[in-house]
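1. After the sequence you'll find the predicted model.
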Amino acid sequence: MLDSVTPDALPLNPRTLPGPVWVVSPHPDDEALGCAALIAALTGLGREVHALLVTDGGLSHPHSPSYPRARLAQTRLREWRAGLAALGVSGTRTHALGLPDGALDGVDPADMGHEVGQIFAAAPPATLLLPWRRDPHPDHRAVWGPVWGAALPAARRLEYAVWLPERGDPDAWPTAQEARVWSLAVGAARSRKAQAIAAHATQLGGISDDPHGFTLAPEMVERALNGPELFFEAFLQAAPAALEASA
């Protein structure tokens, strides 16, 4: 499916994206995998870039004696900030909600949206980067609606792909009538993107005492580094109906 989408993608020019720019990650490392080259380009252009982490990331190694959940969450938060620093995002512009990793389906979307909106209020996003609405991870799908609805209507919204190329079935991809596809070559940002991914040592085999713990597949890392990064811009820039009803 990736091969069928990429030829029709338009080249994304980071200069066309106004700031402040906010990049939202359901988990630490999502932005490193999905849009690190774009973040590096934006900070290189002097754009004001903020980052928001939604979950605590504490479920990746649930049976590790050396990394109980609290320690793992603290470690992953540090990794997330280190990865963003490699891309030029200051720690003073990082924000974390600390919601439970793997359990966002139990969080009220209206409550999540309210918290996100309060954080956005300090520097309302003119460009919002968030995971694709049907990215094949339940936390990614749970984040999309509340985050989309928390930004002002005028904000430009680009949805980035994380797990879609690896795990997405054909119905998960955007249709030609649903969204415009933008493509960004990793290019000269490859080394910085590699640094951002490498910062997430816990997800790259750094925890050895949980045989069933999560590890990023080398093939996925290579795909992320080789690019291109894909972004989907919906033709209908409207708030999800469920959020409109709850507003």
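-> Cool, got the structure. Note that the structure is a prediction, hence the values are computed from the model and not measured.

2. Which of the three states applies to Ala157?
-> Just to correct that, residue 157 is Arg rather than Ala. Assigned with DSSP: H, G, I helix; E, B strand; the rest coil, Arg157 falls in the strand class.

3. ok, what's across the strand from it?
-> Beta-bridge pairing of Arg157 under DSSP bridges involves Leu128.

4. For it, give me its contacts.
-> Applying CB atoms under 8 Å, 6 or more residues apart in numbering to Arg157 gives the contacts 127-128, 130, 148, 151, 233-234, 237. Just so you know, the C-beta spots here come from the backbone N, C-alpha and C atoms, and that holds for glycine as well.

5. which one among those residues gets closest to Trp22?
-> Using CB to CB, Leu128 comes nearest to Trp22 of the contacts of Arg157, at 5.3 Å.

6. would you list the contacts of Arg157 in a markdown table and tack on distance to Pro11 and neighbour count?
-> Formatted as a markdown table, the contacts of Arg157 follow (distance: CB to CB, whole Å; neighbours: other CB atoms under 10 Å):
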| residue | distance to Pro11 | neighbour count |
| --- | --- | --- |
| Thr127 | 17 | 22 |
| Leu128 | 20 | 23 |
| Leu130 | 21 | 31 |
| Trp148 | 25 | 23 |
| Ala151 | 25 | 23 |
| Glu233 | 13 | 16 |
| Ala234 | 19 | 16 |
| Gln237 | 21 | 12 |
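
7. Nearest to Ala96 among these?
-> Leu130 (15.7 Å).

8. if you skip the residues just before and after it, what's nearest to that closest one?
-> Spatial nearest neighbour of Leu130, excluding adjacent residues (CB to CB, 6 or more residues apart in numbering): Val24 at 4.5 Å.

9. so that neighbour is in which element?
-> strand 21-25 (DSSP states H and E).

10. Give the rounded mean pLDDT of that strand.
-> Taken as a whole, strand 21-25 has a mean pLDDT of 98.

11. Isn't Val89 up against Ala40?
-> No - between Val89 and Ala40 there is no contact under CB atoms under 8 Å: 9.4 Å.

12. The chain: strands as residue ranges?
-> Here the chain has its strands, by DSSP state E, at 10-11, 21-25, 49-55, 94-99, 127-131, 156-160, 179-184, 229-234.

13. how far off strand 21-25 does the third one point, in degrees?
-> Between strand 49-55 and strand 21-25, the angle comes out at 20 degrees (axes from the mean of the first three to the mean of the last three CA atoms, to 10 degrees).

14. is it true that Gly58 touches Ala103?
-> No - at 10.2 Å, Gly58 and Ala103 do not qualify as touching, with contact defined as CB under 8 Å.

15. More neighbours: these two, which one.
-> Neighbours per residue, other CB atoms under 10 Å: of Gly58 and Ala103, the larger number sits with Gly58, 24 against 13.

16. follow-up on the earlier one: ok, the strand holding Val24: who's next to it in the sheet?
-> strand 49-55 (parallel), strand 127-131 (parallel).

17. Show me which helix or strand of the protein is least confident by mean pLDDT.
-> Using mean pLDDT, DSSP states H and E, the weakest-scoring helix or strand in the chain turns out to be helix 241-246, at a mean of 43.

18. hang on, the earlier thing: okay, the strands of the chain, which one's buried deepest?
-> strand 21-25 (a mean of 28; mean count of other CB atoms under 10 Å).

19. Off-centre distance for that one?
-> Relative to its chain's centre, strand 21-25 lies at 7 Å (CA atoms, centre = their mean, to the nearest Å).

20. so it versus strand 156-160, what angle?
-> Using the same axes, to 10 degrees: strand 21-25 against strand 156-160 is 30 degrees.

21. got the angle between strand 21-25 and strand 94-99?
-> Strand 21-25 runs at 30 degrees relative to strand 94-99, counting by the same axes, to 10 degrees.
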